[in-house]
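[1] sequence unknown, structure follows:
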Ligand SMILES: NCc1ccc(-c2ccccc2)nc1
């Protein structure tokens, strides 16, 4: 899997060389390239923004640098197997299913906007050539798409075979199929008693059936309290 990041802050993505994703890069499972969008500017000030047509506050990212970056990175031939991800507060919610689907992609290009966003014709042009995903992490606005691109990258890449040491841990996570889309139950480790708080007895019983039942009940109760929207049978 090749991942490209188009951004005016390419150093944001230096962090991807650390820990699990770093190992995936070292093992050649993932190939990461961050690009400074200003590479595709030609004026003395390396300008990437301009005032919004129709007025309004702030600035909008000019289409030209994006188009030239696409030309260099992707060429002009349409290829639906290339996924262009645009983190934006106006996108569709990014969910575990999206991470799962994108984990099968051979190529993903993250377009990280700043200012008030990217000239919409960039999205229109990209949509004619590649598979475009305008995705939101949640109902809040950041200063740009970089932080969201990092979060999405981790959610996607950790699902790629060979990246996680123990793939079994994937099946018991919140939102995973095996968890029936419920929130993950509370977890404990040693010591059995800590500052007056004890590990639930059932987890010390060695009775796997009772433990599995307790965990299912905990997941359902937690989901009912915090995320009733995830419960389908109520
Ligand atoms: N939903 C998270 C998210 C993603 C992107 C942005 C953003 C802000 C400014 C410019 C471009 C993108 N904000 C929030």
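    Received the coordinates, thanks. Quantities reported herein were computed from a predicted structural model and do not represent experimental measurements. Numbering: from 1, shown residues only.

[2] would you mark the buried spots in the longest helix anywhere in the chain?
    Criterion DSSP state H: the longest helix present in the chain is helix 208-226. Burial within helix 208-226, assessed by neighbour count using 16 or more other Cβ atoms under 10 Å, is assigned to 211, 214, 215, 218, 219, 220, 222, 223. Where C-beta positions appear, they are placed from N, C-alpha and C, glycine not excepted.

[3] and for stretch 122-142?
    The neighbour-count check on stretch 122-142 (16+ other Cβ under 10 Å) flags 122-123, 125-126, 129-137 as buried.

[4] out of those, which are close to the ligand?
    For the ligand, the contacts drawn from the buried residues of stretch 122-142 by Cβ under 6 Å from any ligand atom are 136, 137.

[5] TSV for the buried residues of stretch 122-142, including secondary structure, pLDDT and distance to residue 107?
    Shown next, in TSV, are the buried residues of stretch 122-142 (DSSP: H, G, I helix; E, B strand; the rest coil; pLDDT from 0 to 100; distance: Cβ to Cβ, whole Å):
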residue	secondary structure	pLDDT	distance to residue 107
122	helix	98	18
123	helix	98	18
125	helix	98	17
126	helix	98	13
129	helix	98	12
130	coil	98	9
131	strand	98	10
132	strand	98	13
133	strand	98	13
134	strand	98	18
135	strand	98	16
136	strand	98	22
137	coil	97	22
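
[6] leaving out sequence neighbours, find the closest residue to residue 56.
    Once flanking residues are discounted, residue 56 sits nearest to residue 116: 7.5 Å by Cβ to Cβ, 6 or more residues apart in numbering.

[7] what does the pLDDT read for the one you found?
    In this model, residue 116 is scored at 97, pLDDT.

[8] any idea how far it is from residue 57?
    Residue 116 sits 7 Å away from residue 57, going by Cβ to Cβ, to the nearest Å.

[9] so these two - more neighbours on which side?
    The neighbour count for residue 116 versus residue 57, taken as other Cβ atoms under 10 Å, is higher for residue 116 (13 against 7).

[10] helix, strand or coil: sort out the more buried one for me.
    coil (DSSP: H, G, I helix; E, B strand; the rest coil).

[11] tally up the residues packed near residue 18, please.
    Using other Cβ under 10 Å, residue 18 is surrounded by 10 other residues.

[12] can you mark which positions in stretch 98-118 are buried?
    Buried, per 16+ other Cβ under 10 Å, within stretch 98-118: 98-100, 102-103, 105, 107-115, 117-118.

[13] which of the buried residues of helix 208-226 lies closest to residue 76?
    The closest of the buried residues of helix 208-226 to residue 76 turns out to be residue 223 (Cβ to Cβ; 47.2 Å).

[14] surely that closest one touches residue 179?
    No: with contacts counted by Cβ atoms under 8 Å, residue 223 stays clear of residue 179, the gap being 9.3 Å.

[15] can you list contacts of stretch 83-99?
    Stretch 83-99 has contacts (Cβ atoms under 8 Å, 6 or more residues apart in numbering) with 102, 105, 107-113, 117-118, 123, 126, 130-142, 145, 148-149, 152, 155-156, 159, 175-176.

[16] and the ligand, is that stretch touching that?
    Yes: Stretch 83-99 is in contact with the ligand by Cβ under 6 Å from any ligand atom, via 87, 88, 89.

[17] most neighbours of all those residues, which one?
    Ranked by neighbour count (other Cβ under 10 Å), the residues of stretch 83-99 next to the ligand have residue 87 at the top, with 25 neighbours.

[18] run through the bridge partners of that one.
    Judged by DSSP bridges, the bridge partners of residue 87 are residue 135.

[19] ok, the closest residue in space to residue 164 that isn't next to it in sequence to residue 71 distance?
    Computed as Cβ to Cβ, 6+ apart, the closest residue to residue 164 that is not its neighbour in sequence is residue 158, at 5.7 Å. Residue 158 sits at a distance of 32 Å from residue 71 (criterion: Cβ to Cβ).
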